[in-house]
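Q: Build me a model from this:
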Amino acid sequence: MSLTPDIGIRPRVRESASMTKEAVVSRVTGTAVADAVRLLGFDSVFSDVMNRMTGPLLPDEAVFRINGEEWRFRISTRFEYESLSKYRTDPDRLVLQHFVRSLRDDDVVWDVGAHVGVFSVLAAGQVPAGTVIAIEPLPENAEQLRENLKRNGRDATVRQLALDDESRRAELGVNSPSGAGAFGTLNGLSSRRRTTVQTDCGDSLVTDGVPAPTVLKVDVQGAELNVLRGLQRSLLGCRIVCVNVYEKHFTRGDEGEEIRDILESSGLHVERLAEWDGGHFLWGTRES
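A: Numbering: from 1, shown residues only. Have a look, this model is predicted:
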């Protein structure tokens, strides 16, 4: 199947459900009980409860319509609903469009930081079975990713780990509410909860037999520099690389320049595709 370059990507959501959700959240979060919960230091617990409690008020799924086809993603939490809804607007919609229209039927796609599988599902609809590698460390997201692949009748290899520049056990700090749709940062200093994850180098995965990427998408909440350091051999075979550069999570301030240097030193032409309020997207292409 071929997807056209000019596509409209919009989750289909029921506005009445959205309005109901906002009304309930506003009423509950504004009560004296909620204020007392926060004062007692249980704000994160309260947020987690609200995240799950509003789930039944939301649509069952988001539907992306692309070139006459529909792609469905299950919604189970408020945070997951909000994460999927962001693709209705730029820059996320623009980046997803670029990604989809860049794919060829001979590509091997690595979706690093696959979350609940938007990029993985759409890629699996265009490239041969077994050539999408979805890498996601959070168990609840990996489970939802598999569910979304199954829901759309697509196949991908899901690896529940975090890419890094070495193989180790690491702490993933999660500031988002619990449940599918959460985001995590490796060794995050401030986090709502922590979970231990396995990390590995992308180049090591290739050495162990995982097909090397020709298209690479990286969205890892500030860990992108280490991901690319661990993929420097494999980058030489990539023709498309998309990196979400999380400037807001940087500690030195010059990590963005180093990320760009790694991409350019591998022979990619790099442009700044889109800006957002905490960083920007880099798009690297290799001339044929």
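
Q: Next, the buried residues of the helix or strand hosting residue 204.
A: For residue 204, the host element (DSSP states H and E) is helix 202-207. By neighbour count on 16 or more other C-beta atoms under 10 Å, the buried set for helix 202-207 is 202, 203, 204, 205, 206. Quick note: C-beta positions are derived from backbone N, CA and C, even for glycine.

Q: cool, stretch 158-168 as well?
A: Within stretch 158-168, the residues that count as buried by 16+ other C-beta under 10 Å are 158, 159, 160, 161, 162, 163, 164, 165.

Q: What of stretch 279-288?
A: Within stretch 279-288, the residues scored as buried using 16+ other C-beta under 10 Å are 279, 280, 281, 282, 283, 284, 285, 286.

Q: same check, this time on stretch 83-101
A: Going by 16+ other C-beta under 10 Å, stretch 83-101 has these buried residues: 83-85, 87-88, 92-93, 95-100.

Q: Let's have those in CSV, adding distance to residue 235.
A: Converted to CSV, the buried residues of stretch 83-101 look like this (distance: C-beta to C-beta, whole Å):
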residue, distance to residue 235
83, 28
84, 30
85, 32
87, 27
88, 32
92, 24
93, 26
95, 19
96, 22
97, 23
98, 18
99, 17
100, 21
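
Q: Which ones among those residues map onto helices?
A: Counting by DSSP state H, those place 83, 84, 85, 92, 93, 95, 96, 97, 98, 99, 100 in helices.

Q: Show the low-confidence segments of the stretch 1-150 of the chain, by residue range.
A: 1-56 (pLDDT under 70).

Q: where along it do the helices fall?
A: Applying DSSP state H, counting those that start in this stretch to the stretch 1-150 of the chain gives helices spanning 15-29, 32-39, 43-53, 78-85, 92-102, 118-124, 139-151.

Q: Buried residues, the last one. List them.
A: Meaning helix 139-151. 140, 141, 142, 144, 145, 146, 147, 148, 149, 151.

Q: for those, which one is nearest residue 254?
A: Checking these against residue 254 with C-beta to C-beta, the nearest one is residue 141 at 30.1 Å.

Q: The closest one contacts residue 179, correct?
A: No - in this structure, residue 141 is not within contact of residue 179 by C-beta atoms under 8 Å, at 9.4 Å.

Q: re earlier: take the buried residues of stretch 158-168 and write them to TSV, including secondary structure, pLDDT and distance to residue 65.
A: Formatted as TSV, these follow (DSSP: H, G, I helix; E, B strand; the rest coil; pLDDT from 0 to 100; distance: C-beta to C-beta, whole Å):
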residue	secondary structure	pLDDT	distance to residue 65
158	strand	98	25
159	strand	98	29
160	coil	97	30
161	coil	96	33
162	strand	97	32
163	strand	98	32
164	coil	97	36
165	coil	96	39
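
Q: can you put those residues in TSV and add distance to residue 258?
A: Shown next, in TSV, are the buried residues of stretch 158-168 (distance: C-beta to C-beta, whole Å):
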residue	distance to residue 258
158	29
159	25
160	28
161	23
162	19
163	17
164	15
165	12
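
Q: For residue 238, state which of the buried residues of helix 139-151 is nearest.
A: Checking these against residue 238 with C-beta to C-beta, the nearest one is residue 145 at 22.1 Å.

Q: Name the nearest residue to that closest one, ignoring sequence neighbours.
A: Of all residues not flanking residue 145 in the chain, residue 117 sits nearest, at 3.9 Å (C-beta to C-beta, 6 or more residues apart in numbering).

Q: do the same with residue 239
A: Nearest residue to residue 239, sequence neighbours excluded (C-beta to C-beta, 6+ apart): residue 286, at 4.4 Å.

Q: what sits against that neighbour?
A: Residues near residue 286 by C-beta atoms under 8 Å, 6 or more residues apart in numbering: 238, 239, 240, 267, 268, 269.
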